[in-house]
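> Below are the sequence and a predicted model; questions follow.
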Amino acid sequence: FEPVHGSAPDIAGRGIANPLGTIWSAAMMLDHLGHPDAASDITAAMATVLAGSTIRTPDLGGTATTKEFTEHLVAAL
């Protein structure tokens, strides 16, 4: 299970990558391994952040860093 977005060398080390693909891949893996509740918790946290806040990485029109976005998602989790 891995996101299919490539290595993005143009933004490597800048802290602006959108972590959603990686996080969603992890949720899919958990579901596949028999942990549907954990997977659901993660996807619900993703939805909470996207629908209930203005936190966005630059590719989604925001200014949050990868770390900031992930911290908000973990807090929602």
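Noted; the coordinates are in hand.

> Now do the contacts for residue 64.
The neighbours of residue 64, taking CB atoms under 8 Å, 6 or more residues apart in numbering as the test, are 55-57, 72. C-beta coordinates here come from the backbone N, C-alpha and C atoms, glycine included.

> burial count for residue 68?
15 (other CB atoms under 10 Å).

> Distance check, it against residue 11.
15 Å (CB to CB, to the nearest Å).

> just residue 73 next, same as before
Residue 73 is 19 Å from residue 11, by CB to CB.

> again with residue 77
25 Å.

> Same question for residue 58.
Distance from residue 58 to residue 11, by CB to CB: 9 Å.

> confidence score at residue 7?
We have a pLDDT of 73 for residue 7.

> centroid residue for this protein?
Centroid-nearest residue in the chain: residue 20, 2.4 Å away (criterion: CA atoms, centre = their mean).

> Can you tell me, leaving aside adjacent residues, what's nearest to it?
residue 46 (6.4 Å; CB to CB, 6 or more residues apart in numbering).

> and the one you found, what does it touch?
Here residue 46 is in contact with 20, 23-24, 27, 73 (CB under 8 Å, 6+ apart).
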